[in-house]
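A.B. asks: sequence plus the predicted model coming up.
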Amino acid sequence: MKKSFLNLVAVCGLSILAVNVYAEQGSKGMDMAGMKMEGMEMDKMPAKPANATSLSDGEVRAVNKENKSITLKHGRIKSSTVEMGPMTMQFAAKDKALLSNVKVGDKVKFTVENIDGTATVTVLSIQK
Ligand SMILES: [Cu+2]
């Protein structure tokens, strides 16, 4: 009786530990994403930490202002509506203004959301 109780504690302890490790890794990833951001983005973090996780790294491969599209070689994307691994692909731009200053070769931080079934860049910030 006593032994099985101890076993139960051990098992519970382990699963709690596993959850903690997972949570810690998650928050570390968030912090790292925050660290790489510019001051402006850092200011947003306390109020809206979800923003930090949804920003992805990318490098501009093509810009088409007429079609409002941008081709990005991107890292892992995890926003509230889009999740994918690293690849190079074309995105729609939510707003033409997002593309006004960006050019091929620029390193960017961006957010993609699924808008009417289209992976659409909603936030784009050029990294210096
Ligand atoms: Cu992709």
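C.D. replies: Received it, and whenever you're ready, just let me know what you need.
A.B. asks: Asn101 touches Leu124, doesn't it?
C.D. replies: No: assessed by C-beta atoms under 8 Å, Asn101 is found out of contact with Leu124, at 9.1 Å. No exception for glycine: its C-beta is placed from N, CA and C like everyone else's.
A.B. asks: between these two, which one's more packed in?
C.D. replies: Using other C-beta atoms under 10 Å as the criterion, Asn101 and Leu124 rank with Leu124 on top: 26 against 9.
A.B. asks: so which strand or helix has the more buried one?
C.D. replies: Using DSSP states H and E, Leu124 sits within strand 118-127.
A.B. asks: quick one: mean pLDDT for that strand?
C.D. replies: When pLDDT is averaged along strand 118-127, the result is 96.
A.B. asks: which elements pack onto that strand?
C.D. replies: strand 69-74, strand 87-93, strand 107-115 (3 or more C-beta pairs under 8 Å, 6 or more residues apart in numbering; DSSP states H and E).
A.B. asks: just the buried positions in that strand, please.
C.D. replies: 119-125 (16 or more other C-beta atoms under 10 Å).
A.B. asks: so which residues make contact with stretch 83-100?
C.D. replies: Contact with stretch 83-100 is made by 61-63, 65, 68-77, 112-113, 115, 118-124, as judged by C-beta atoms under 8 Å, 6 or more residues apart in numbering.
A.B. asks: pull that stretch out as PDB, backbone CA atoms only.
C.D. replies: Extracted C-alpha coordinates of stretch 83-100, given in PDB (Å, rounded to 0.1, in the frame of the first residue of the first chain):
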ATOM      1  CA  GLU A  83       1.900  26.700 -38.800                       C
ATOM      2  CA  MET A  84       4.600  25.400 -41.100                       C
ATOM      3  CA  GLY A  85       8.200  24.500 -41.300                       C
ATOM      4  CA  PRO A  86      11.000  26.300 -43.100                       C
ATOM      5  CA  MET A  87      10.700  26.700 -46.800                       C
ATOM      6  CA  THR A  88      10.600  29.300 -49.600                       C
ATOM      7  CA  MET A  89       7.200  30.300 -50.800                       C
ATOM      8  CA  GLN A  90       5.000  33.100 -52.000                       C
ATOM      9  CA  PHE A  91       2.600  34.900 -49.700                       C
ATOM     10  CA  ALA A  92      -0.100  37.400 -50.200                       C
ATOM     11  CA  ALA A  93       0.500  40.800 -48.500                       C
ATOM     12  CA  LYS A  94      -2.400  42.100 -46.500                       C
ATOM     13  CA  ASP A  95      -1.700  45.700 -47.400                       C
ATOM     14  CA  LYS A  96       0.300  47.100 -50.400                       C
ATOM     15  CA  ALA A  97       2.000  49.400 -47.900                       C
ATOM     16  CA  LEU A  98       3.700  46.400 -46.300                       C
ATOM     17  CA  LEU A  99       5.700  46.000 -49.500                       C
ATOM     18  CA  SER A 100       6.600  49.700 -50.000                       C
END
